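S.K.: 3D, please:
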Amino acid sequence: MWRIATGEPRRREGPVVTGNILVTGIGVIGPGSAVGAGRFWQILIGVEGLIARLTRFDPSGYPTQIAGQVCDRALERFIDSRAKRTTSHAAQLAIGAGELAMDDSRLPVTGNEAQNFGVFVGSALGGWTQGEQQLATLIEKGASRINPFLVNSSGPHSVSTELAFRIGAHGNIQTVSTGCASSTQAIADAVRQLHTQEVSACIAGGTESPISPMVVSALARTEELSTRHKSPERASRPFDRDHDGMVLSEGACFLVLENSDAARERGAHAYAEILGGATSCDAEGLYQFDQSVETGARAIHKLLRRTGVTPDQIDYVCAHANSSPAFDRKEVTVLKKAFGEFAAKIPVSSIKGVLGHPFGASGAFQTAAAALAIQNDLIPPTHNLEEPDPDCDLDLVMGEPRKKTVRHALVTSYGYGGINAYLLLRKFEG
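M.R.: Numbers count the residues shown, from 1 in each chain. Below is the predicted model:
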């Protein structure tokens, strides 16, 4: 277990705005072998697929039988017997990714940091799968066999409290649960509080464990999941003419964020700088979105104005595109509306061709991918994109990674309810 020792907090006189919020650690627990930032990056720029036949339950007879599943053996070194009993699978994924992020950052253990260290988590479903499993236990074995820790451990909020316990973080903890945009908004909130020194350093990201019979059945009923069972590694096809739905996946990704002065003082490595985030809501109900896409485009304009970045300075869009035709096409339309004549000149790719769609954790995985693209000056391709949908007519990176100096990268997230969320990253050269 890793902890930040306790001590006396620093005195804060008021909301003094600071600049240069850096990503100094990345932790990933993804499907298959995608464990750790380095392995995650190699998969994104390589040819390995992470989608396979479902094994968490018997999918025979289900319309969808594939998913991106974490190998739980990867969690064994992070999860003790107490945590197995008292935490949800989503929390266990977060604990693993959080520890990897903290190890990667090598953030020093100091008392002052403990008092002002924050935890920001995004998750759409939290411990849904544990609730579903316990319902089956209730029906089959009776009330006396229910896990007594279920209620407290299954809510999305439980993840942030478990991470705070593991780290020894006494600062602000916060949970965002806004569907697929959850972790994007959680990271944006973390950056905002770092700017105003409400926290002095933090861990921010998302976790999701949505692979259950009920979730798969419900999404299959609405025909939102791909049914390409015979070739699961090719089923998720963002922007492709043959995209037929998303592929569920699970996992967690967390970033350690800190001010550049503190990072420079301790000689920390910086992957990238996060300039800030912006969000908006189409307000068209849960299953509709603003057909004019004005709401999504305005949020991008607001983010660019606030950060002083112009459309021609965007070198890469790490897209939400989840292989759902409706969401893929919405995203393209938003980018065209937001960037106008520059939209066709900006390289765009989605990591979900290989990763699948881990719901509320998506934005955190994308942010890590964007930071690694900035560090390596290399844009990962959209896996399985062979012939673009005619309505997805942007500069889509397909086939091979594209070598390009990436100074500014935009991360996009879209969710049910018309939620639009964005993060803007920059190469740090300070």
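
S.K.: just how off-centre is the host helix or strand of Arg39 within its chain?
M.R.: Taking DSSP states H and E as the definition, Arg39 sits inside helix 37-45. Offset of helix 37-45 from its chain centre (Cα atoms, centre = their mean, to the nearest Å): 15 Å.

S.K.: contact partners of that helix?
M.R.: 26-28, 30, 33-34, 48, 50, 100, 104, 351, 354-355, 365, 368-369, 372, 376, 378, 380-381, 401 (Cβ atoms under 8 Å, 6 or more residues apart in numbering). All C-beta spots, glycine's among them, are computed from the backbone N, C-alpha and C.

S.K.: So for whichever helix or strand comes after that helix, mean pLDDT?
M.R.: Using DSSP H and E, the helix or strand that follows helix 37-45 in sequence is strand 52-53. In this model, strand 52-53 has a mean pLDDT of 96.

S.K.: What helices and strands are in contact with strand 52-53?
M.R.: If contacts are counted by 3 or more Cβ pairs under 8 Å, 6 or more residues apart in numbering; DSSP states H and E, strand 52-53 sits against strand 66-67.

S.K.: Just the ones in helices from the contacts of helix 37-45, please.
M.R.: Leu100, Asp104, Val354, Leu355, Phe365, Ala368, Ala369, Leu372, Asn376 (DSSP state H).

S.K.: Next, format those residues as a markdown table and append distance to Arg85, neighbour count and pLDDT.
M.R.: Listed next are those as a markdown table, based on distance: Cβ to Cβ, whole Å; neighbours: other Cβ atoms under 10 Å; pLDDT from 0 to 100:
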| residue | distance to Arg85 | neighbour count | pLDDT |
| --- | --- | --- | --- |
| Leu100 | 23 | 23 | 97 |
| Asp104 | 28 | 22 | 97 |
| Val354 | 34 | 30 | 97 |
| Leu355 | 30 | 31 | 97 |
| Phe365 | 28 | 31 | 98 |
| Ala368 | 30 | 30 | 98 |
| Ala369 | 34 | 28 | 98 |
| Leu372 | 35 | 23 | 98 |
| Asn376 | 41 | 15 | 98 |
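
S.K.: among those, which two are most distant?
M.R.: Asp104 and Val354 (21.4 Å; Cβ to Cβ).

S.K.: mind listing the helices for the stretch 201-350 of the chain?
M.R.: 213-221, 260-265, 294-307, 325-339 (DSSP state H, counting those that start in this stretch).

S.K.: and among those, the most buried is which?
M.R.: Stretch with highest mean neighbour count among the helices of the stretch 201-350 of the chain: helix 325-339 (a mean of 22; mean count of other Cβ atoms under 10 Å).

S.K.: And the average pLDDT for it is what?
M.R.: 97.

S.K.: mind saving the C-alpha coords of that helix as CSV?
M.R.: Extracted as CSV, the C-alpha positions of helix 325-339 are listed here (Å, rounded to 0.1, in the frame of the first residue of the first chain):
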residue,chain,number,x,y,z
PRO,A,325,-22.8,5.4,-36.2
ALA,A,326,-24.9,8.1,-34.5
PHE,A,327,-22.1,9.2,-32.1
ASP,A,328,-19.4,9.0,-34.8
ARG,A,329,-21.3,11.2,-37.1
LYS,A,330,-22.3,13.7,-34.4
GLU,A,331,-18.6,14.1,-33.5
VAL,A,332,-17.6,14.8,-37.1
THR,A,333,-20.4,17.4,-37.4
VAL,A,334,-19.4,19.1,-34.2
LEU,A,335,-15.7,19.3,-35.3
LYS,A,336,-16.7,20.8,-38.6
LYS,A,337,-18.9,23.3,-36.9
ALA,A,338,-16.3,24.2,-34.4
PHE,A,339,-13.2,24.4,-36.7
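
S.K.: Alright, calling it a day.
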